[in-house]
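[1] What follows is a predicted protein model with its sequence.
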Amino acid sequence: MAGTGTRVDMHVKALDERVVERAKARGIDALVYAPHFVRLPDIRERAERFSDDDLLVVPAREIFTGTWRNRAHVLALGLSEPVPDFVTLDGAMREFDRQDAAVLAPHPEFLTVSLDERDIDRYTDRLDAIETYNPKHWPSHNRRARELADAYDVPAFASSYAHLAGTVGEVWTTFAADIETEADLVDALHAGADRAVDHRSGLRHTIQCRLEFAHLGWENSYEKLDRLLLSGMEPTHPRHIAYEGRFDDVRVY
């Protein structure tokens, strides 16, 4: 990475040997790993396991704020303490501010799972970047995301948002600065460091994007909702013992 800038896939859900191999083959220097409904200590441990001299894996959390039917995802990097899902957006933002985390808006205004323009307007000063290209998007979604980033003068980022291993490295953000550690990436985001967003093209890329979009059918299924909410004791549920009641005043379940 030294002296060449750093190519970062800014958000992946999958992480195993196959993902690492594909990332390296695609010229990716760093992955941001933020799986759904996994606590920060477990994410951090797995990220460390798969990091080496050729690939940095940065632990992160995509927090589900709000209720299942009216949720807004927020991506946070540089957290020092765990933050649960299903808390209010305001409560999550206050906690990110307390921990001086880098705060990103993934897939803005996408379906019912994202920050919308009102949220972006309210939290512009706290957002470090807005995602302007995501494989689950259709072209109109990417255009709208770029419009929002431009309108609110918030730096852009892009990611593979890979739930499927085959999508890793399809999209990336290249930072002009060399990034060797998690702290380097957080600092670059806080500083609005120079970067460029890019992605592969052609039929294979389009097919992989459509496969990622199709994955939404399972991701938002009733069975998953039932597993997450009716048990009430998922690892990132705000009533889980691990959070010691710290989020009781902002939890929505």
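    Structure received.

[2] And the pLDDT at the nearest residue to residue 84 once chain neighbours are set aside?
    Excluding the flanking residues, the one nearest residue 84 by C-beta to C-beta, 6 or more residues apart in numbering is residue 238, at 4.0 Å. C-beta here means a position set from N, CA and C on the backbone, and glycine is covered the same way. pLDDT, residue 238: 95.

[3] OK, contacts around residue 238?
    Residues in contact with residue 238 (C-beta atoms under 8 Å, 6 or more residues apart in numbering) are 84, 85, 86, 87, 247, 248, 250, 251, 253.

[4] Which members of these are the farthest-apart pair?
    Using C-beta to C-beta, the contacts of residue 238 span at most 14.3 Å, a distance reached by 85 and 248.

[5] Counting neighbours around each, name which of the two comes out higher.
    Between residue 85 and residue 248, counted using other C-beta atoms under 10 Å, residue 85 has the larger neighbour count: 27 against 11.

[6] Identify the residues contacting the more buried one.
    Contact analysis of residue 85 by C-beta under 8 Å, 6+ apart lists 37, 63, 64, 65, 234, 236, 237, 238.

[7] Please report how far it lies from residue 68.
    Look at residue 85 and residue 68: by C-beta to C-beta, to the nearest Å, they are 10 Å apart.

[8] Go ahead and report the secondary structure state at residue 132.
    strand (DSSP: H, G, I helix; E, B strand; the rest coil).

[9] Walking through this protein, point out its helices one by one.
    17-25, 40-50, 89-99, 117-122, 139-151, 182-190, 203-214, 216-219, 222-225 (DSSP state H).

[10] average pLDDT across the last one?
    Which is helix 222-225. For helix 222-225, mean pLDDT is 52.

[11] 40 is where my numbering starts, stick with that
    Shifting the count to begin at 40 puts that one at helix 261-264.

[12] Any regions of the stretch 140-289 of the chain where pLDDT drops low?
    Where the stretch 140-289 of the chain drops to pLDDT under 70, the residues are 256-272.

[13] Would you agree residue 286 is in contact with residue 127?
    No. Counting by C-beta atoms under 8 Å, residue 286 does not reach residue 127; the two are 9.4 Å apart.

[14] who's more crowded, the two?
    Higher neighbour count among residue 286 and residue 127: residue 286, with 22 against 17, using other C-beta under 10 Å.

[15] how about the residue nearest to that one when sequence neighbours are not counted, phi and psi?
    Distances taken as C-beta to C-beta, 6+ apart place residue 277 nearest to residue 286, at 4.4 Å, with adjacent residues excluded. With angles defined as degrees, to the nearest 10, residue 277 sits at phi -60, psi -20.
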